[in-house]
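S.K.: Sequence first, predicted coordinates after that:
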Amino acid sequence: MKVILHVDMDCFFSAVEVRENPELKGLPVIVGGRIETEEEKAVEGFDKRIRGVVSTCSYEARDYGIHSGMPLSRAHQLCPDAKFLPVNMPLYKRVSREIMAILKECADKIEQVSIDEAFLDVSTKVRDWTDAREYALRIKREILEKEGLTCSIGIAPNKTIAKIASDFVKPDGMTVVEEERAGDFLAPLPVKKIPGVGPKTEQMLKKMGIEQIGQLASCDIQKLVAKFGKAGKRLHLIANGMDESKVEEEWERKSLSRERTFAEDTSDASVLNNCVDELAKEVFSAIKREGFVFKTVAIKVKFDDFTIHTRAKTLKSFHYDLNMLKKIAKELMMEFSAGKGKEKEKKIRLVGVRVSSLGVVDEKQRRIV
Ligand code: TTP
Ligand code: MG
C-alpha cells in the first residue's frame, strides 16, 4: 500500500513571528516587505518583486480579506490596526530546516517542495489508513512540541491527492483520503484545486462546461487532449485519482537552486536565456551569502506536458565566478532552447538553475574546506 503525506505549515512566516512574540497571538499579523541589503540591491529586480506585498498573514488577518500577494497598502486599508512585520527570511529558513529534519526522521523518503511544505512517503511505516492517521497525528504533535507550530497534513495514496487534502482542512487540519474514496473526495472540488491549474486553465475548462473535478474526470479524454495537449491527459488522470509520480529527494542536499515558472509557457530562446541569466545571478548571490564555491552547474526544465529534464556539467576544480556560472548554465540551456528533435514542439513551463558539489571557503584561512 502506498501512503503519501503532504505536510504544509499553517500561515508559516506569520506563525513563526507569533511564536517569537507571543503577545501577537490572536491578533491580525501581516508579514510582508523586506529590509533591503546592499547585496540584494545589486541584483536587479530581485527586491522589487518582493517588496511591498503581503507574504502571508495570520488567519485572524485573513478574516479581513487579506491574502498573500496583496499590496501592503491595500492590507493597511482593510485592517489598519493589524501588526505589520517585515520578512525575516534567515529566521524562517532556520525554522524550516528544523522542521524538515523532524520530517526526515519520520519518512522513508522526503521531498521538500517549498520553505514550509514537503511530501513524505511513509508506505513502510504504516499498515493501513487508520494507522496512517495515527502516524500523521504523531508528526503534528512532535512539530508542535518541538517547534511550537501547527501544520496541516493530507494523507493519500498519491502526491497530488495528498497535496489537495492538506489544503482541505486548514489550519491545524488533517484529511485522510483512502484509495477507494479518492473519487468521491475529488469530485465536488473546483478544478483550480488541482496543482498547476491556474486562472487561465480554469477559464478554458469553464468554457467547456467543466467546473468541478468530477466533471473533468468524466470528460472525454480526447477532448481534453485536443485542447491542452499532454497536459490534458495529466488533468484527466489526476481527476480520476491517478498520479504515479514518486516522492523524490531530487536535488541533493549540498546544493543551491532557484527556479521560475513562466506566466505563459514559452519556447522563445531570448526569454529562456534571460531567465537563466537572472536565476544564475540569484543563485550566485545566495552562494556568496553562504560562502560557497561550486563545481557542478545544472539546469532543470519542465515542459508544458510536465516532463522534467535536467542537464549538468561538473568542472575539474571549484569555482567562484558569476560569469562562469552564467556561461555554463546558458550552454546547458541551449540544448533545449535550440529545440532538438522531439523537444522542438514543446514549450517550457519552468526553468531552474542549480549549483552543487559545493565547497566552503574558510574565511580565516582563505581555502576551500
Ligand atoms: P503557503 O504555504 O502558501 O502559505 P502559508 O503557510 O502562509 O499559509 P497556509 O496556512 O495557507 O499554508 O506559503 C508558505 C510561505 O511562503 C508563507 O508563509 C510566506 C511565503 N509566501 C510568500 O512569500 N509569498 C506568497 O505569495 C506565498 C503564497 C507564500
Ligand atoms: Mg503553508
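M.R.: All right, it came through fine. Residues are numbered from 1 along each chain as shown. Ligands and ions are numbered 1, 2, ... in the order given.

S.K.: What residues does the chain have near ligand 2?
M.R.: With Cβ under 5 Å from the ion as the criterion, the chain meets ligand 2 at residues 8, 9, 12, 116. Heads up, the C-betas are built off the backbone N, CA and C, glycines and all.

S.K.: can you list these in CSV and add neighbour count, distance to residue 272 and pLDDT?
M.R.: Shown next, in CSV, are the residues of the chain next to ligand 2 (neighbours: other Cβ atoms under 10 Å; distance: Cβ to Cβ, whole Å; pLDDT from 0 to 100):
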residue, neighbour count, distance to residue 272, pLDDT
8, 21, 31, 98
9, 24, 33, 98
12, 22, 31, 98
116, 23, 29, 95
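
S.K.: hmm, which two among those residues are most spread apart?
M.R.: 8 and 12 (8.4 Å; Cβ to Cβ).

S.K.: Among the residues of the chain next to ligand 2, name the ones in strands.
M.R.: Secondary structure defined by DSSP state E assigns 8, 9 of those to strands.

S.K.: and which of the residues of the chain next to ligand 2 is nearest to ligand 1?
M.R.: residue 12 (3.3 Å; Cβ to the nearest ligand atom).

S.K.: Identify the residue nearest that closest one in space, chain neighbours excluded?
M.R.: Excluding the flanking residues, the one nearest residue 12 by Cβ to Cβ, 6 or more residues apart in numbering is residue 116, at 3.9 Å.

S.K.: show me the contacts for that neighbour.
M.R.: Neighbouring residues of residue 116 by Cβ atoms under 8 Å, 6 or more residues apart in numbering: 8, 9, 12, 96, 99.

S.K.: That one and residue 16, how far apart?
M.R.: 9 Å (Cβ to Cβ, to the nearest Å).

S.K.: Can you name the residues bridging to the residue in the stretch 251-369 of the chain that ligand 1 sits nearest to?
M.R.: Nearest residue of the stretch 251-369 of the chain to ligand 1, counting by Cβ to the nearest ligand atom: residue 261, 12.6 Å away. Under DSSP bridges, the beta-bridge partners of residue 261 are residue 350.

S.K.: so who does it touch?
M.R.: Contacts of residue 261 (Cβ under 8 Å, 6+ apart): 302, 349, 350.

S.K.: was I right about the last one contacting residue 302?
M.R.: Right, residue 350. Yes. Counting by Cβ atoms under 8 Å, residue 302 is a contact partner of residue 350 at 3.9 Å.

S.K.: Near ligand 1, which residues of the stretch 151-300 of the chain? Just list them.
M.R.: Residues of the stretch 151-300 of the chain lying near ligand 1 by Cβ under 6 Å from any ligand atom: 170, 171.

S.K.: Show me where the stretch 151-300 of the chain has its strands.
M.R.: 151-156, 174-176, 255-266, 292-303 (DSSP state E, counting those that start in this stretch).

S.K.: quick revisit: quickly note the distance from the residue of the stretch 251-369 of the chain closest to ligand 1 to residue 188.
M.R.: 28 Å.

S.K.: what's the answer for residue 138, then?
M.R.: Taking Cβ to Cβ, one finds residue 138 at 30 Å from residue 188.

S.K.: same deal with residue 317?
M.R.: Counting by Cβ to Cβ - residue 317 and residue 188 are separated by 58 Å.

S.K.: Would you convert the strands of the stretch 151-300 of the chain into a markdown table that also reports mean pLDDT?
M.R.: Listed next are the strands of the stretch 151-300 of the chain as a markdown table, based on pLDDT from 0 to 100:
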| stretch | mean pLDDT |
| --- | --- |
| strand 151-156 | 98 |
| strand 174-176 | 98 |
| strand 255-266 | 92 |
| strand 292-303 | 92 |
